[in-house]
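Enquirer: how does the following fold in three dimensions:
(2 chains)
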Amino acid sequence: MTKRKNWGWYALFTAPLVIIFSVVVIIPFLIGIYYSFFDWDGIAANPMVFVGLENFAKLFDDERFLNSAWLTIKFTVLAVISVNIVGLGFALLVTSNLRTANTARTMVFMPYLIGGLMLGYIWQFVFSDVFTLIGEITGLDSIFLNWLLDPNYSLYALVVVFTWQMAGYIMIIYIAGIQAIPGELLEASKIDGANNWQKLRKIIFPLLMPSFTISLFLTLSSAFKIYDTNLSLTGGGPANSTEMFAMNIYNEIFGYSNYGLGQAKAIVFFLIVAVIALTQVYLTKKREVEM
Amino acid sequence: MKFKKRALVSMLMIAFMLVLTACSGGSSEKGSSKEGSKESSDKKITIFQSKVEISEQLEKLAKEYTKETGVEVEIWGTTGDDYLQQLQIKLNSKQGPSIFSLQHVKEAEKLNSYVYDMSNEEYVKNIAPNMELKYDDKIVGVPYGVEGFGLVYNKDLVKPEDLKDYQSFKSTLEKLKADGINPFGLSQEAYFLIGHISNYPFALQKDHFDFIDQLSEGKVTMADTKEFQEFGKFFEAIKANAANPLDVNYDKEIGDFASGKTAMIHQGNWAYGMLKDYDLGFEIGMLPFPLNGNDKLSVGVGNNWAINGTKDKEEVKNANDFLKWMLNSDLGKKYIVEEFGFVPAMTNIDPGELDPLSQAVFEASNSGNTIPWAQNYYPANVVTNDFTPVAQEFFISKDMTGQELIEKLDAAWQNAVK
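Expert: Here you go, the predicted structure:
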């Protein structure tokens, strides 16, 4: 088979995807970069004024934007940690000799099938009605209060919901990783007298590095980009205490009608996500071990 | 080898065939419908409007219109709060509706290049004096109807003489709270939380246009203005006595009022649409919000029908025909009054039997006993973007005072006009 014929096959299957990807991602992205140099209110018929890099300079005076950046970082750190701990925990649990392993797997994965928007509304009910009810009954109303109404708790509420949603998906990745570990290795370690912790620490974790790379990348990028759950659960409130990056950009563009400035934010956002995600992939990849 | 080559070729052929048939399928469909029933397929208008309360009824009206004239009318839904953003997206992608709603002159200014000049249309002649939406001396919008808001109250629990000024308002709240009734209801949505109620201190200025201009230029501040200071005190009284509005949505606000758990709510006559679904065991009425002894209801036009002038001539004509039909035919008028529950702003429409809230608005509007909707001249989107976070902060933090609320509103305003 010559290379040329292979090329035909590649083209047949990739061309549609390349075309769709360019139309919905690459071209809008380039247009977005173009818009970020203009002062424009987003109405097609109104004038666009070229302002060069002024929009980018303005970003650093925008307190609300900087605040949302800080919140996003805080949220991402918390979310990545909690999603991965919960996901890995469940993965270890359901790959052990648990009798209800299959049921548990399904149950944990289920929330991922529900859209983030829906989850937000469901949890809104949980926090506002169920939590206050529990608080009333048990008297623990310093913990069980409506988290969504308290600027100190609302971010954690978002972390809880995000974990609830993502953990199942991440669990599946870890399960795949754990199942790929050859049984002989674990058996051999057992014969050598390793306890569970040693097995975990010396065999499972190093061999799971590829799964860590993927899971961290997925949670990191989706936590950074969170919008749907943010919108439906808190709407950025109360008092802007949960206005994440993506929502800030949306509000700038559609709320204040500053297309140029909003686009500039979006570009900066893209760069930050790209840099962080790539660094993380580079770092974790280095630690992957070959068997 | 050979087989693989043949497979590749046949795959490509299949792909081509699929593409071709898909294309031709589309075009032939179009062709046949054009020849077939020209009436129904070509004549189509779309309406995108912001009032959630009337969307079902409007759809019914649209069906009646289609039955009568053969023109298809499609209604697009919205959830309300971000209507302008949604509209903007639709207009920018050149898929805008033929008829849309505009709240006020600031929006008309923004969408100036889209709005159609209705000045020469027949139906605008019937608009009640000063109620049309004008921009640049052109009439660009027909009012939905006049609306008014104030304190909607339960006549069993509250007497009008209990709500004359700050002192009586405050003591009424305290008394009701002591009786175990939630005295006052606001709800978490931007306009019901702070949007409408913030209208009073602005509207009570001698010239609210001038005041707003000066405020935007930084010549005056809310914090130094008497009406706003008192507004802050009202908000303190509300925070101290009423249920936290951030915990309450529109449905709950209305539901609690209808079931007698809340004595009064800050709402407009539009709320009757929901109230009538309940079996009210008491009489209701609407009172002015007694800021600075105010004894007038806030009455204005909340929404206007506007036509998208960038559509082709035929569609604009169809849109005009629909508005004309809605505002002049017996069925259209009946819908406006009975189904939408509007207090008509058209001289050719008889208001008929009004519900108690609309009656109050109608009477106030007829006797001129009203204060204007200064909120129509707020900077665009200031309520959702800037006022709401401040109001949320006020209701969350226990020690934030009314004066601090006003100062933060000042800052929010400056942020919106910068």
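Enquirer: count residues in the vicinity of the residue in the stretch 1-150 of chain B positioned nearest to chain A, would you?
Expert: Residue of the stretch 1-150 of chain B nearest chain A, by Cβ to the nearest Cβ: residue B:113 (3.4 Å). Backbone N, C-alpha and C define where each C-beta goes, glycine included. Using other Cβ atoms under 10 Å in any protein chain shown, the number of residues around residue B:113 comes to 12.
Enquirer: show me which residues of the stretch 301-418 of chain B are close to chain A?
Expert: With Cβ under 8 Å from any Cβ of the partner chain as the criterion, the stretch 301-418 of chain B comes near chain A at residues B:310, B:380, B:381, B:384, B:385, B:388, B:389, B:390, B:392, B:393, B:396, B:416.
Enquirer: how long is stretch B:352-371 end to end?
Expert: From its first residue to its last, stretch B:352-371 covers 24 Å (Cα to Cα, to the nearest Å).
Enquirer: buried residues in that stretch, which are they?
Expert: Within stretch B:352-371, the residues that qualify as buried by neighbour count (16 or more other Cβ atoms under 10 Å in any protein chain shown) are B:354-362, B:364-365, B:370-371.
Enquirer: for it, the distance to its chain's centre please.
Expert: 19 Å (Cα atoms, centre = their mean, to the nearest Å).
Enquirer: before we move on, what about stretch B:219-229?
Expert: Distance, stretch centre to chain centre, for stretch B:219-229: 27 Å (Cα atoms, centre = their mean).
Enquirer: around chain B, pick out the residues from chain A.
Expert: A:1, A:5, A:8-9, A:12, A:41-46, A:128, A:146, A:149-151, A:236-240, A:251, A:254-257.
Enquirer: for residue A:74, which non-adjacent residue is spatially closest?
Expert: Spatially, and ignoring its direct neighbours in sequence, residue A:74 is nearest to residue A:155 (6.7 Å; Cβ to Cβ, 6 or more residues apart in numbering or on different chains).
Enquirer: what helix or strand is the one you found located in?
Expert: Residue A:155 is part of helix A:154-179 when elements are defined by DSSP states H and E.
Enquirer: same check on residue B:265?
Expert: Element membership for residue B:265 (DSSP H and E) is strand B:262-268.
Enquirer: which helices and strands does that strand pack with?
Expert: strand B:146-154, strand B:182-185, helix B:250-258 (3 or more Cβ pairs under 8 Å, 6 or more residues apart in numbering or on different chains; DSSP states H and E).
Enquirer: buried ones in the helix or strand following the helix holding residue A:155?
Expert: If you walk from helix A:154-179 toward the C-terminus, the next helix or strand you reach (DSSP H and E) is helix A:183-191. Buried residues in helix A:183-191, defined by neighbour count with 16+ other Cβ under 10 Å: residue A:189.
Enquirer: in a strand, the residue of the stretch 1-150 of chain B closest to chain A, correct?
Expert: No: applying DSSP: H, G, I helix; E, B strand; the rest coil, one finds residue B:113 to be coil, outside a strand.
Enquirer: circling back: farthest pair within the residues of the stretch 301-418 of chain B next to chain A?
Expert: Pairwise distances across those (Cβ to Cβ) peak at 44.0 Å, for the pair B:310 and B:396.
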